[in-house]
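my questions are about this predicted structure, shown below with the sequence.
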Amino acid sequence: MSAATPLPPALIAAVKRHWGFTSLRPLQEQAIRAALAGRDSLVVLPTGGGKSLCFQAPAVFRGGLTVVVSPLIALMKDQVDGLTRIGVPAARLDSTVSNDEWAVTAEAIRSGELRLVFTSPERLINTGTYRLLRDAGAHTIAVDEAHCVSHWGHDFRPEYRQLARLREFFPKAAVHAYTATATDRVRQDIAEQLGLREPTVLVGNFDRPNLTFRVLPRLDLRTQVREILDRHRGAAGIVYCLRRKDVDEMTTYLRAAKYRAVPYHAGMSADDRRRTQEAFAAEDADIVVATVAFGMGIDRSNVRFVIHAAMPKSIEHYQQETGRAGRDGLPSECVLLYSGADFISLKAIIEKSAEENNAAPEYTAGSVKQLDEMARYCRGAVCRHKQLVHYFGQQYESPNCGACDLCLGDTQEVPEAVTVAKKILSCVARVKESFGIAHVIDVLRGADTASIRGRGHHELSTYGLLKQVPKTDLRDWVYQLLGQNVLVQTEDEYPLLKLNKASWAVMKDELPVRLIRLARREKNSSAGASA
Ligand code: ADP
Ligand code: ZN
């Protein structure tokens, strides 16, 4: 079936009958076409993009048995319940299924009654489950959340590694991988680990034009959160916090101020969590204050704002979490309140969990790198839509998105940006690209330190060139230059600043740069944030 062939009318009719959708999204159509042709595929669609239909619709239309591999029992349960409701025979084989239920499901599989069976990678590979499914003639294996197979993804799960044996156990089946993580490295890793054979690779558009992105320095968290809530009175939204304690405190604070807020985090009982989800879905609550534990399975399409009270762990996380806003396509706002302290807290969390879980060093390094990318996003002076889309390996053409703090002109431009940038870059050149941020800033501000005197750096032509600039601004600007890739940092424990081709282009006026001044109160003002 070529890309131009229309899908069988009977399939469109089945989608309408079971799901009630009157049309398919363009990428769904292509993914379904690949599935019907029995071709392996790798389908990358952002959260909310409609991945499930890509394997569910062909499973129903083709008949026979499709196996869906999923990382979480809750996800399997949601999907099986949803399918059962719309009259599609589906079942789960996971660790919570009792022996009796298992026997019933196994019988239904053998008799060919079921269209979709959901299972976890460890069940599928380690137990005899694969034999049962193979002998029943499973023709398709759909691997959901396929990035879990990759160290480079944001949610690596060692059990997913076992899927490398899928091919051995299901030599004839087509394998489809679905994920919302589109970075090149993860994509390649998925294709390799799952042994995809000449897969049809489909990557959806990652830009969400209806979302307005803003990043603000965190000065006074509670006041800033309320300012945003008040812009969206009575509308639905999510406030993501770093820790459970922050969730509890913020919820208490907001409720006292008469906002209809409910908490959600993994430390709550399953009942309490369910109550929160139900209250939000039923519109009895407007605001969910949550840790990242709140996410999969949120069924409310009119979320008008997503606030991050602290920096997320990675751009993938940020994309997933902000992706919950504006699923109905209407304008929505995503605000990230950021402080330099977030990087340090999150890095400590990563290192602690690596130690506890005996994580491979390359895994930890990968996590820190992702954190670094996230910090770069926060500090950058580049259009947010452009940065996000670039991160996911796509081009962003428009010079002004009209939907981010930078393009909307919320930020204060530094008029002398080019001159300042040149001074910073030439200072990096003068210290022979052998020093880190702190030292370069000291030189530019004409500081009198032992390190400067000892190296004779007080005699450099760039010494004291930016004496009048506050240290915090100068630091922001160095990060903004890094964010624009006109300056680079080594990946050592004590990173050094280095120049690249773009740095020289800036110095020769061949490349524009932009610097912004972030709003800031007096020193230590971020201490009020509950980081
Ligand atoms: P993902 O798994 O990619 O995050 P889902 O499969 O959960 O996305 O789908 C996201 C939402 O989009 C769901 O509410 C679903 O009902 C809806 N949806 C999916 N496909 C269509 C379609 N063709 N038309 C209308 N709504 C759709
Ligand atoms: Zn923009």
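Now that the structure is in, tell me what you want to look at. Numbers count the residues shown, from 1 in each chain. Ligands and ions are numbered 1, 2, ... in the order given.

Three-state assignment for the residue most central in space within the chain, please.
A centroid search over the chain (CA atoms, centre = their mean) returns Glu316, at 1.9 Å, as the residue closest to the centre. At Glu316 the chain is in helix, as set by DSSP: H, G, I helix; E, B strand; the rest coil.

and it, how far from Glu373?
Going from Glu316 to Glu373 by CB to CB, to the nearest Å gives 9 Å. Yep, even glycine has a C-beta here, placed from its N, CA and C like the rest.

now swap in Asp448 and tell me
36 Å.

show me where pLDDT drops low in this protein?
Applying pLDDT under 70 to the chain picks out residues 1-4, 154, 182, 296-299, 519-531.

still on that earlier bit, the more surrounded of Asp448 and Glu373?
Neighbour count, other CB atoms under 10 Å: between Asp448 and Glu373, Glu373 has more, with 16 against 8.

can you tell me the helix or strand for the more buried one?
For Glu373, the host element (DSSP states H and E) is helix 361-379.

quick revisit: so who does the residue nearest to the centre of the chain touch?
Shown in contact with Glu316 (CB atoms under 8 Å, 6 or more residues apart in numbering): His147, Gly153, His154, Ala180, Thr181, Thr183, Gln370.

do the same with Ala180
Val44, Leu45, Pro46, Thr47, Gly49, Lys51, His147, Glu316, Gln319, Gln320, Gly323.

count the residues that sit near the last one.
This points to Gly323. Neighbour count for Gly323, taken as other CB under 10 Å: 21.

do you know how far it is from Thr364?
Here the criterion is CB to CB. By it, Gly323 lies 26 Å from Thr364.

the helix holding Glu373 near ligand 2 at all?
No: Helix 361-379 lies out of reach of ligand 2 by CB under 5 Å from the ion, never closer than 12.4 Å.

next structured bit after that helix?
Using DSSP H and E, the helix or strand that follows helix 361-379 towards the C-terminus is helix 384-391.

for ligand 2, see how far away the residue nearest to the centre of the chain is.
With the distance defined as CB to the ion, to the nearest Å, Glu316 ends up 20 Å from ligand 2.

what's the spacing between the nearest residue to Ile125 once chain neighbours are set aside and Val149?
The shortest distance from Ile125 to any non-neighbouring residue, by CB to CB, 6 or more residues apart in numbering, is to Gln162 (4.4 Å). Distance, Gln162 to Val149, using CB to CB: 9 Å.

neighbour count for those two, which is higher?
Legend: neighbour count by other CB under 10 Å for Gln162 and Val149, higher for Val149 (30 against 16).

before we move on, back to that, from the contacts of Ala180, which land in strands?
Val44 (DSSP state E).

biggest separation within the contacts of Ala180, which pair?
Using CB to CB, the two most remote members of these are Lys51 and Glu316, lying 15.1 Å apart.

what ranges do the helices span in the stretch 151-300 of the chain?
158-161, 166-169, 184-193, 221-231, 244-256, 270-281 (DSSP state H, counting those that start in this stretch).

contacting residues around the fourth one?
If I follow you right, that is helix 221-231. So helix 221-231 is in contact with 216, 218, 237, 239, 250, 253-254, 257, 259, 287, 305, 307, 309, 333, 335, 337, 528-530, going by CB under 8 Å, 6+ apart.

if we look at ligand 2, which of the residues you listed are close to it?
With CB under 5 Å from the ion as the criterion, these include none near ligand 2.

buried subset of those residues?
216, 218, 237, 239, 250, 253-254, 259, 287, 305, 307, 309, 333, 335, 337, 529-530 (16 or more other CB atoms under 10 Å).

now the helices for the stretch 1-150 of the chain?
Under DSSP H, counting those that start in this stretch, the stretch 1-150 of the chain gives helices at 9-19, 26-36, 51-62, 73-85, 99-110, 121-126, 129-135.

the ones you listed: which one's closest to ligand 1?
With respect to ligand 1, and counting by CB to the nearest ligand atom, the nearest of the helices of the stretch 1-150 of the chain is helix 51-62 at 3.5 Å.

other SSEs contacting that closest one?
With contacts taken as 3 or more CB pairs under 8 Å, 6 or more residues apart in numbering; DSSP states H and E, helix 51-62 sits against helix 9-19, helix 26-36, strand 66-69, helix 73-85, strand 116-119, strand 140-143, strand 174-179.

can you tell me the SS state at the closest residue to Leu371 other than its chain neighbours?
Sequence neighbours aside, Leu346 is the residue nearest to Leu371 in space, at 5.5 Å (criterion: CB to CB, 6+ apart). Following three-state DSSP, we place Leu346 in the helix state.

wait, Gln30 touches Val203, no?
No: the pair Gln30 / Val203 is not scored as a contact, 10.5 Å apart, by CB atoms under 8 Å.

same drill for these two, tell me which one is more crowded.
Applying other CB under 10 Å to Gln30 and Val203 shows that Gln30 carries more neighbours, namely 19 against 16.
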